[in-house]
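# Give me the fold of what follows.
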Amino acid sequence: AKPIISIDTINYNVFKECVDNDLVDILNDISACTNNPEIIKLLKKKNKFYSVVLMHKRGNPHTMDELTNYDNLVYDIKNYLEQRLNFLVLNGIPRY
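Predicted coordinates:
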């Protein structure tokens, strides 16, 4: 049996290479598909739906240490991930 493979990337071209060569099954995107929304098209390519791991982060590596204050940490992160999930669903990525 073929192992299930995940790629940890926000880079469209890296994920495209993996999709084009049928190398991965899961996208782990620390930007929650905000770095390049075009990556969503790849998630639906070749009649294969890829699983997606959405991550939460604030800012970029240069600013994230300054963006650590939350009104309600758990709620804010949950809300962010729900918004990203809804965005994917609205763009044809099934929730399961």
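
# Give me the mean pLDDT for the lengthiest helix in the chain.
As assigned by DSSP state H, the longest helix anywhere in the chain is helix 73-90. Across helix 73-90, pLDDT averages out at 93.

# which residues sit against that helix?
Residues outside helix 73-90 that contact it (CB atoms under 8 Å, 6 or more residues apart in numbering): Ala32, Cys33, Thr34, Ile40, Leu43, Val52, Leu54, His56, Tyr70, Arg95. To be clear about C-beta, it is placed using only N, CA and C from the backbone, and glycine gets the same treatment.

# number of nearby residues for the second one?
Spelled out, that is Cys33. 21 (other CB atoms under 10 Å).

# try the first one
Other residues near Ala32 number 20, with proximity taken as other CB under 10 Å.

# Surely it touches Ile40?
No. In this structure Ala32 lies outside contact range of Ile40 using CB atoms under 8 Å: 11.2 Å.

# which of the contacts of helix 73-90 count as buried?
Using 16 or more other CB atoms under 10 Å as the burial test, the contacts of helix 73-90 include Ala32, Cys33, Ile40, Leu43, Val52, Leu54 as buried.

# What about the residues you listed, which are in strands?
In strands, defined here by DSSP state E, the members of the buried ones among the contacts of helix 73-90 are Val52, Leu54.

# which of the buried ones among the contacts of helix 73-90 lies closest to Ala1?
For those, the minimum distance to Ala1 (CB to CB) is 22.2 Å, reached by Val52.

# Across the sheet, point out what pairs with that closest one.
With DSSP bridges as the criterion, Val52 is bridged to Leu27.

# which residues touch it?
Val52 makes contact with Ile26, Leu27, Asn28, Asp29, Cys33, Leu43, Leu88, Ile93, according to CB under 8 Å, 6+ apart.
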